[in-house]
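S.K.: Provide a 3D model corresponding to the input given below.
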Amino acid sequence: MCTDVQNKEVAIDMSLQRRGMRKPQGMTIVTWVLLAVLACLTIYPTITLFLGAFHDGSPFSPNPKWSLQSFATAYGSSSSLQTIGDSIILALVTAIVGTSVGFLFAWVSARTAVPLRQILTPVMVITVALPSLFNAMSWSVLGNENAGLVNQAWRALSGATTPLIDIYSWPGLLLVSLIKPVAVGYLLLLGPARGLSRTLEEASVLAGTGRIRTMFRVTAPALAPTILAVGILNLIVGLEAFDVPALIAIPARIPLLSTAIYKSINDQVVPDYPSASAYAIGICFVVLLLVWVRWRLVATRSYATVTGKAREQRPWHLGGWSWIFTVAIVLFTVLALLLPLAQLILGSFEPVFGSLKNLTGGNYTTVLTSTDAIGAISRSVFIGIGGGFLAMVFTLGINYIVRHAARRFSARLLDAATWLPAALPGIVLGLALSWAYLAVPFLRPLYGSPTMLILALMVAGFPIAARASEGGLVQIHGELEEASRTSGANRIGTIGRIVLPLIAPSFMAGWLLTALYVAGRLDVPILLSTQSNQLAIVTVYELYSNGRAGEAAAVFCLLLVGFVIMTAVLAAIALVARLIVGRAAAHAQELPPADPATRDLPTLIRSETRG
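M.R.: Down below sits the predicted model:
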């Protein structure tokens, strides 16, 4: 079998050499063009951010002077130490607790017969897809010390006079901040938990160890490197979080680095861009360090735990523990989805947010008759679809080049540049783009425009889009392209007839994921939007902050409806894409190959389609 494959590769290589089609130089030109565009979108704003921290003025200053005053202002007081300490506490707690609970849920789903375990994956996917502001805004009312529904129900049932929870406190902040890290931890650990060999676990059980103790003593240590890597990712998420702290930490007077950046610009008569940049550099340094640690942990060692011995894996019955985990599943579903969604829908009909008296549709009337609100919602859907599409197209081109020229320095640099936005928290990325556009006179008119918002959110979506397009490309066997080009097709024709039809389903899934991700982010557009070009998520935040919470809830509900419509449209397009793939396979089967080396082309296409 190996000899047949080698002979086929030799035949293809000789055919390509005869036709002069090996490694065209045109790809090098495209690589450097993409690299130049990527440098303008990611590297240039990052450089201006770092330079801005050492200036004594704003991006508008005609002759800024070099200075370290911004660092003294940002880090030279006792309040700054409290800000750093509180940020570290929030990040550590969300990382440790979120990853641990996510691992427990992943183990329950992958290994046990616990009732209701089937709903875990849909609940976690929806939790990750929803904007963080969804939970923050809903829980800021649900957990209100006096009027919150949770505290009202607690007082009615228990007769207590004290509230069960005050959302504007450390426990309240941690409760809401933990929801998304738990879901992220679950989704990232579910695959490794399912793929882990049960040999050691079964040996532990046969030796008399209980299944719960086996999970702690065998399963968790076996997955420790993966769990640690996910924990570092959640640590980064907790450190750079802005949406939840903006609605809960600021009213609770809990200082955090992400909110300090926002307040340095928005809460000052004259925006203090240098101090905001100094805060941003501190976050970037820590995030880059954590990214490097995670990369070293995952990429430089082998942690193989899946063997070639396939055995039937029957789910474990945990006895009395099953009901404890079932209660935990129900509790998370209620806290993360059902209660917030109920509060948001009810709140959109309440004249006073949090009061169930005199429900009315007045909030929807106000929103639907407001050109600003309707414009913000339609703009969010448009920018989400447009920004997601551009991010997928751009990263698809980058990954295609990286795959075919992996040894070239320019290709490696392209791949590394797509990761740069992942190391920049959203509020930092928004600040970096503010510096980049405001510091150049002829670029200032773009500030706050839909074009700038699309570019900014496209950049923010690069890490997700790059991984989605990469996953689709690696499934396409290299022989398909080689065989197509041997048959006489040029590279453009090969991409159009082979690569694009096969990548279409993965492209559509990545487009939907990236569109939902960028359209629901608050941290990037909050520093880049103007009053005339706001996105719906920024409109929701401002309405809520100005005491118009009912209208904010109505806008949010309409935005969620827009997300559902967007998902349905992209799903329909994905279905059409799958039909196109099927027709491509059938077409390839009907065409006789022009070269003996390509006789298996239809079979390869069908196998790639099934994959």
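S.K.: switch to C-alpha atoms for all contacts and neighbour counts from now on
M.R.: Fine.
S.K.: so how far is Ala436 from Lys65?
M.R.: Distance from Lys65 to Ala436, counting by C-alpha to C-alpha, to the nearest Å: 18 Å.
S.K.: quick one: Leu535 from Ala436, how far?
M.R.: 21 Å.
S.K.: what's the answer for Arg111, then?
M.R.: Arg111 is 50 Å from Ala436, by C-alpha to C-alpha.
S.K.: would you confirm that Leu453 contacts Ile526?
M.R.: No. In this structure, Leu453 is not within contact of Ile526 by C-alpha atoms under 8 Å, at 10.2 Å.
S.K.: neighbour count: these two, which is higher?
M.R.: Leu453 (26 against 23; other C-alpha atoms under 10 Å).
S.K.: tell me the helices and strands packed up against the strand or helix carrying the more buried one.
M.R.: Using DSSP states H and E, Leu453 falls within helix 450-460. On a contact count with 3 or more C-alpha pairs under 8 Å, 6 or more residues apart in numbering; DSSP states H and E, helix 450-460 meets helix 371-404, helix 426-438, helix 500-519.
S.K.: can I get these in JSON lines with distance to Arg213, mean pLDDT and mean neighbour count?
M.R.: Formatted as JSON lines, those follow (distance: least, C-alpha to C-alpha, whole Å; pLDDT from 0 to 100; neighbours: other C-alpha atoms under 10 Å):
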{"stretch": "helix 371-404", "distance to Arg213": "44", "mean pLDDT": "85", "mean neighbour count": "22"}
{"stretch": "helix 426-438", "distance to Arg213": "40", "mean pLDDT": "79", "mean neighbour count": "25"}
{"stretch": "helix 500-519", "distance to Arg213": "37", "mean pLDDT": "78", "mean neighbour count": "24"}
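S.K.: can you give me the helices in the stretch 1-150 of the chain?
M.R.: Along the stretch 1-150 of the chain, counting by DSSP state H, counting those that start in this stretch, helices occupy 2-19, 26-38, 44-52, 69-75, 78-111, 120-129, 132-142, 149-158.
S.K.: wait, which of those helices is closest to Ile383?
M.R.: Judged by C-alpha to C-alpha, the one of those that comes nearest to Ile383 is helix 120-129, at 16.6 Å.
S.K.: and the angle from that closest one to helix 132-142?
M.R.: 90 degrees (axes from the mean of the first three to the mean of the last three C-alpha atoms, to 10 degrees).
S.K.: send the alpha carbons of helix 120-129 over as PDB?
M.R.: Output of helix 120-129 as PDB, limited to C-alpha atoms (Å, rounded to 0.1, in the frame of the first residue of the first chain):
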ATOM      1  CA  LEU A 120     -25.100  19.700  28.400                       C
ATOM      2  CA  THR A 121     -23.600  20.200  25.000                       C
ATOM      3  CA  PRO A 122     -26.500  22.300  23.500                       C
ATOM      4  CA  VAL A 123     -26.600  24.400  26.700                       C
ATOM      5  CA  MET A 124     -22.900  25.000  26.600                       C
ATOM      6  CA  VAL A 125     -22.900  25.900  22.900                       C
ATOM      7  CA  ILE A 126     -25.700  28.400  23.300                       C
ATOM      8  CA  THR A 127     -24.000  29.900  26.400                       C
ATOM      9  CA  VAL A 128     -20.800  30.500  24.400                       C
ATOM     10  CA  ALA A 129     -22.700  31.800  21.400                       C
END
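S.K.: now it: buried residues?
M.R.: 120-121, 123-124, 127-129 (16 or more other C-alpha atoms under 10 Å).
S.K.: which secondary structure state does the closest residue to Thr530 other than its chain neighbours sit in?
M.R.: Leaving aside its chain neighbours, Thr530 sits nearest to Gly448 (5.1 Å; criterion: C-alpha to C-alpha, 6 or more residues apart in numbering). Look at Gly448: counting by DSSP: H, G, I helix; E, B strand; the rest coil, its state is coil.
S.K.: which pLDDT value belongs to Gly448?
M.R.: Confidence at Gly448, expressed as pLDDT, is 75.
S.K.: residue ranges of the helices in the stretch 501-611 of the chain, please?
M.R.: Taking DSSP H, counting those that start in this stretch to define them, one finds helices in the stretch 501-611 of the chain at 536-545, 549-590, 601-610.
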